[in-house]
Every structure is written in C-alpha cells, then in structure tokens.
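# Based on what follows, work out the 3D shape:
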Amino acid sequence: MKRRLTLLSLLAAVTLTACGTVAGAGRDLQVAGAAIQQEAAEAAN
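Numbering: from 1, shown residues only. Got it, this is the predicted structure:
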C-alpha cells in the first residue's frame, strides 16, 4: 500500500510539472509569433 501511494504521488508530481512546462512553452510561442507578425507588418509598410 505504501509503495502504491508513493508511485501515485510521483506520477501526480510529474503530471503537474509537465502541464506547467507545456503551458509555459505555449506562452513563449505566442510571444514569438506576435513578434514575427509585428516585424512582418513593419517590413510590408
């Protein structure tokens, strides 16, 4: 029982960490995309 609880806790921690990492990467990509769009708009003018 103790081993099962330990494994479940470890799995939960890894899952929560991965979600935070993916969310952060998504925000970084959004910022990069906005910068590219802005540069493209300035170059077109």
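
# Report pLDDT for the spatially most central residue of the chain.
When Cα atoms, centre = their mean is applied to the chain, the residue found nearest the centroid is Val22 (2.1 Å). Val22 carries a pLDDT value of 75.

# what does Ala32 give?
In this prediction, Ala32 carries a pLDDT score of 90.

# can you tell me how far it sits from Ala25?
Distance of Ala32 to Ala25, given as Cβ to Cβ, to the nearest Å: 10 Å. Just so you know, the C-beta spots here come from the backbone N, C-alpha and C atoms, and that holds for glycine as well.

# picking that back up, state the distance from the residue nearest to the centre of the chain to Ala32.
Between Val22 and Ala32 the computed distance is 16 Å (Cβ to Cβ).

# Show me where this structure has its helices.
2-44 (DSSP state H).

# Quick check: which ranges of it have low pLDDT?
Nowhere does the chain drop to pLDDT under 70.

# Recalculate using a threshold of 90.
Across the chain, the ranges flagged by pLDDT under 90 are 1-29, 31, 40-45.

# Run a quick neighbour tally on Arg3.
Using other Cβ atoms under 10 Å, Arg3 has 7 other residues around it.

# what does the one 4 residues further on give?
A count of neighbours around Leu7, defined by other Cβ under 10 Å, yields 10.

# Could you pull up the contacting residues of it?
By Cβ atoms under 8 Å, 6 or more residues apart in numbering, Leu7 lies in contact with nothing.

# Quick check: the gap between it and Thr21.
21 Å.

# How about Ala43?
If you measure Ala43 against Thr21 using Cβ to Cβ, the figure is 33 Å.

# Of those two, give the one with the bigger neighbour count.
Residue environment comparison for Ala43 versus Thr21 gives the larger neighbour count to Thr21, 10 against 7, counting by other Cβ under 10 Å.
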